[in-house]
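Enquirer: Would you be able to build a 3D model of this:
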Amino acid sequence: MSDPRHPAARKERLSKIMAARGLCSRREADQYIERGWVLVDGKPVTALGTRIHPEQEIRLAPQARRRQGRRITVLLNKPVGYVSGQPEPGHRSARELIRPRNRRGGGPPLPPGLLRGLAPAGRLDIDSQGLLVLTSDGRVARRLVGPGSGVEKEYLVRVAGPVDEARLARLRHGLALDGRPLRPARVTELQPGLLQFILTEGRKRQIRRMCELVGLRVTALKRVRIGGVRLGGLGEGRWRLLRPDERF
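Expert: Just a heads-up that it's a prediction; the model follows:
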């Protein structure tokens, strides 16, 4: 058995370290490594599965940085009736809304092919509306849906049924779904029948199922914020690019 105190035992996969540092996703890291676009302590690495010490310097070659510069992130105000991911029978994908005529404020045409490869970074149910992020940037996807992601997501939720402090307390902490406890949530009644949920996880139909557990029925649900990025005045069915000054 190897001695964990030995330096060799502390090495980790290069792609894993790159993803943890936010340089790119693990999939992108493998692509860059294969192309010789990753430098460790100034030397190119081309072997997949290479393991290094976490303290070693990692830099991306100019080719990788140029490719990342062509990755984009889109913010969409998804209407009810659209699915977040692939089209389903009888329902259209929100991806179909990312067209020039739906872009807020117009703006200069995007280079051909720039919108290819966009994928949703997280889900928003077909009967929910609001902020949906689609990105071709693995760093953004990892930040929002990667293991251990704790990015806040804020929702405005209309409910039917009696709202009292006991129910609010249960919504905030103590519920479980599918046999696993939920992380603590911030839940506030803004006005009669209108709740604000702030979550740091995204289980399937989480808010609707939470409300059902305390005897409430969701009649409308809208996501208005992800991390530091707000839906703001983006119209329903409209989209825009993530600004350079915005951070999730």
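Enquirer: Could I get the average pLDDT for the strand ranked longest in the chain?
Expert: Ranked by residue count and defined by DSSP state E, the top strand of the chain is strand 217-226. The average pLDDT for strand 217-226 rounds to 98.
Enquirer: In PDB, list the C-alpha atoms belonging to it.
Expert: Only the C-alpha atoms of strand 217-226 are listed here, as PDB (Å, rounded to 0.1, in the frame of the first residue of the first chain):
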ATOM      1  CA  ARG A 217     -50.600  23.800  -4.500                       C
ATOM      2  CA  VAL A 218     -48.400  25.800  -6.900                       C
ATOM      3  CA  THR A 219     -50.400  27.800  -9.400                       C
ATOM      4  CA  ALA A 220     -47.600  29.700 -11.000                       C
ATOM      5  CA  LEU A 221     -43.800  29.600 -10.700                       C
ATOM      6  CA  LYS A 222     -41.200  32.100 -12.100                       C
ATOM      7  CA  ARG A 223     -37.400  32.000 -11.700                       C
ATOM      8  CA  VAL A 224     -36.100  35.600 -11.400                       C
ATOM      9  CA  ARG A 225     -32.500  35.200 -10.400                       C
ATOM     10  CA  ILE A 226     -29.500  32.800 -10.600                       C
END
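Enquirer: For that strand, buried residues please.
Expert: Within strand 217-226, the residues scored as buried using 16 or more other C-beta atoms under 10 Å are 218, 221, 222, 223, 224, 225, 226. All C-beta atoms are positioned from the backbone trio N, CA, C, and that covers glycine.
Enquirer: Identify, from these, the entry nearest to residue 39.
Expert: When those are ranked by distance to residue 39 (C-beta to C-beta), residue 226 comes first, at 33.0 Å.
Enquirer: In contact with that closest one: list those residues for me.
Expert: Residues counted as contacts of residue 226 (C-beta atoms under 8 Å, 6 or more residues apart in numbering) are 122, 131, 133, 144, 151, 152, 153, 154, 248.
Enquirer: By neighbours, which of those wins?
Expert: Highest neighbour count within the contacts of residue 226: residue 133, with 26 neighbours (other C-beta atoms under 10 Å).
Enquirer: related to what we said a few turns ago, quick one: distance of the longest strand of the chain to the chain centre.
Expert: In this view, strand 217-226 has its centroid 17 Å away from the chain centroid, taken as C-alpha atoms, centre = their mean, to the nearest Å.
Enquirer: On the C-terminal side of that strand, identify the next helix or strand.
Expert: The helix or strand immediately downstream of strand 217-226 is strand 229-230, counting by DSSP states H and E.
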